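Novice: Take a look and give me a structure for this.
(one chain, ligands or ions: 1)
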Amino acid sequence: MDGNGRWAKRRGLPRIEGHRAGAESVREIVRVAGEMGLKYLTLYAFSTENWQRPKLEVRALMHLLEFYLQQEIPELAKNNVRLAAIGRLHELPSSAQRQLEKGIAALKDNTGLTLVLALSYSGRAEIVDAVRAIARDVKTGAIEIADITEESFGRYLYTAGMPDPDLLIRTSGELRVSNFLLWQISYAEIYVTETLWPDFRKAAFLNALDDYSKRHRRFGKVASSDSV
Ligand code: FPP
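Specialist: Here you go, the predicted model:
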């Protein structure tokens, strides 16, 4: 959800105002994703690298997250949204962890969109955590080395049980992956827009989905019409 800082700077506002406006985009995009019948929406809300931002900004972001969770649960419940979180969640302030657990529990039986918040998340850390868990299981004899396959590896990731993303949207024109879902995005379609996250609302999201719907996905194979 890039571009909050730049959005604020262009208006002569403190960065946190950009994050606040970004939280409004989160509300709208989650609502639209549900309405469109999407099954999963993962938002990169806070990376492990983000801990190195100024203390005041980190604190403000954590407050914003807690406030969002507190305020939004009834609306998410009404819209049949389920909540999940991925990342080194134990690194979050305990109040944010509690709020998250509360939200996840309150929405666990919903069957519409699953909103996944990536918090204190890093793709490399996720892979390292998975390797550690696998090594432990090999050591205790719970699994054999031969049992380690692409499929079983996926079950050790934070995203176990979730489908890989079909579409990766990058706002504010950044042409980087930034440590996001490194394993899972192998075949994701990438969509980059110059729009800053606080300006990324319904129309911009529908444009991204429309662009995606025109892509021909081949997953490394040839299109059936091209086979000889
Ligand atoms: C990146 O923009 C954005 C973040 C690090 C935080 C994203 C958080 C929110 C949108 C609000 C809270 C989240 C939820 C789920 C309610 P940036 O600050 O790097 O912007 P810049 O690249 O323009 O500096």
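
Novice: use CA for all of it now, contacts and neighbours both
Specialist: Fine.

Novice: The ligand contacts on the chain?
Specialist: 1-6, 19, 22-23, 45-46, 64-65, 68 (Cα under 6 Å from any ligand atom).

Novice: Outside of the helix of greatest length in the chain itself, which residues are in contact with it?
Specialist: Counting by DSSP state H, the longest helix found in the chain is helix 55-78. By Cα atoms under 8 Å, 6 or more residues apart in numbering, the surrounding residues in contact with helix 55-78 are 15-16, 19-20, 23, 50-51, 82, 93, 95-96, 99-100, 103, 106-107, 110.

Novice: What segments of the chain are strands?
Specialist: Assigned by DSSP state E, the strands in the chain fall at 40-47, 82-86, 114-121, 167-170, 189-192.

Novice: Distance from stretch 164-179 to the middle of the chain?
Specialist: Here the centre of stretch 164-179 is set off from its chain's centre by 10 Å, with Cα atoms, centre = their mean, to the nearest Å.

Novice: Same check on stretch 142-158?
Specialist: Relative to its chain's centre, stretch 142-158 lies at 23 Å (Cα atoms, centre = their mean).

Novice: Now that stretch: buried residues?
Specialist: Within stretch 142-158, the residues scored as buried using 16 or more other Cα atoms under 10 Å are 153, 154, 156, 157, 158.

Novice: And stretch 163-181, by the same measure?
Specialist: Neighbour counts over stretch 163-181 (16+ other Cα under 10 Å) mark 164, 165, 167, 168, 169, 170, 171, 172, 179, 180, 181 as buried.

Novice: Identify each of the helices in the chain and give its residue range.
Specialist: Counting by DSSP H, the chain has helices at residues 4-10, 15-35, 55-78, 94-106, 123-140, 150-154, 202-213.

Novice: what angle do the longest one and helix 15-35 make?
Specialist: To tie it back to what came earlier, the one meant is helix 55-78. Per axes from the mean of the first three to the mean of the last three Cα atoms, to 10 degrees, the angle that helix 55-78 makes with helix 15-35 is 20 degrees.

Novice: For residue 182, see how far away residue 89 is.
Specialist: For residue 89, the distance to residue 182 equals 18 Å [Cα to Cα, to the nearest Å].

Novice: residue ranges with poor pLDDT in this structure?
Specialist: Across the chain, the ranges flagged by pLDDT under 70 are 224-228.

Novice: Please repeat the previous calculation with a cut-off of 90.
Specialist: Counting by pLDDT under 90, the chain contains low-confidence residues at 216-228.
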